[in-house]
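[1] got a structure for you, letters missing:
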């Protein structure tokens with residue numbers, strides 16, 4: 001089901017409808033500040049498995065999560081002083097920051113090193129959704145693994161059809177991805193160059 005949602009002033013009724021779905025295991029496609037993502041609540045194991053299956057994704061590659069605020073990040077990741085300064089400076093924004101995970105993160109989302117990738121996109125639909133849900137959602141680009149990201153919600157519908165419970169139409173987006181930066185041990189390390197500037201990483 002495609003739902004048109006205003007990108008600058010998301011309709012609360014539409015957000016509430018999707019949040020209710022997420023609480024009951026819905027898998028959704030939604031806009032970010034880069035391209036469209038696919039996600040579900042981080043506490044719905046069956047839904048996470050659905051996303052692995054629909055994307056044909058290697059289960060050894062865990063998904064990142066979207067938080068609504070810096071305070072929520074501190075619940076799911078260990079944030080040192082230096083890392084906090086970087087998060088405060090660059091979020092919301094087109095970055096995924098890799099941090100040491102806390103016990104709040106489900107095992108299915110952890111790397112072997114017990115780390116987790118975390119985003120706060122600069123997109124009101126996204127942040128309103130996660131804030132209203134009360135916990136993070138999964139984030140992974142809305143495409144089959146190995147293919148290019150998709151910035152058109154109707155193209156996403158063509159690819160995934162009824163495998164998605166909701167597609168939140170926030171307009172046509174870029175096909176860019178976020179820059180991925182590890183902040184483990186408070187030392188920035190670029191893992192992927194994307195939309196976010198990484199010239200500040202030493």
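    That came in fine, so what should we check first? Treat the numbers as computed from the prediction; the structure is a model and nothing was measured.

[2] now do the contacts for residue 87.
    70, 73, 79, 97, 183 (CB atoms under 8 Å, 6 or more residues apart in numbering). To be clear about C-beta, it is placed using only N, CA and C from the backbone, and glycine gets the same treatment.

[3] next step: the residues you listed restricted to helices.
    70, 73 (DSSP state H).

[4] the contacts of residue 87, buried ones only, as a ChimeraX selection?
    Command for ChimeraX, covering only those of the contacts of residue 87 found buried under the criterion 16 or more other CB atoms under 10 Å:
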select :73,79,97,183
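
[5] from the contacts of residue 87, pick the one nearest residue 34.
    residue 97 (14.3 Å; CB to CB).

[6] am I right that the closest one is in contact with residue 86?
    Yes. Contact criterion CB atoms under 8 Å: residue 97 and residue 86 qualify, at 7.2 Å.

[7] for these two, list the residues in contact with both.
    181, 183.

[8] closest to residue 156 among the contacts of residue 87?
    residue 97 (25.6 Å).

[9] OK, contacts around that closest one?
    Taking CB under 8 Å, 6+ apart, we find residue 97 in contact with 83, 86, 87, 91, 117, 118, 119, 180, 181, 182, 183.

[10] quick check: the gap between it and residue 14.
    29 Å (CB to CB, to the nearest Å).

[11] low pLDDT regions in this structure?
    By pLDDT under 70, the chain has no low-scoring segment.

[12] which residue is nearest the centroid of it?
    Nearest to the mean C-alpha position of the chain, by CA atoms, centre = their mean, lies residue 139 at 2.7 Å.

[13] what helices and strands are in contact with the helix or strand containing that residue?
    Per DSSP states H and E: residue 139 is located in strand 137-141. When contacts are defined as 3 or more CB pairs under 8 Å, 6 or more residues apart in numbering; DSSP states H and E, strand 137-141 packs onto strand 36-39, helix 45-55, strand 64-66.

[14] kindly recompute the last result at 6 Å.
    Under the contact criterion of 3 or more CB pairs under 6 Å, 6 or more residues apart in numbering; DSSP states H and E, strand 137-141 touches strand 36-39, strand 64-66.

[15] adding distance to residue 45, write the ones you listed out as a markdown table.
    Below are the helices and strands packed on strand 137-141 laid out as a markdown table (distance: least, CB to CB, whole Å):
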| stretch | distance to residue 45 |
| --- | --- |
| strand 36-39 | 14 |
| strand 64-66 | 14 |
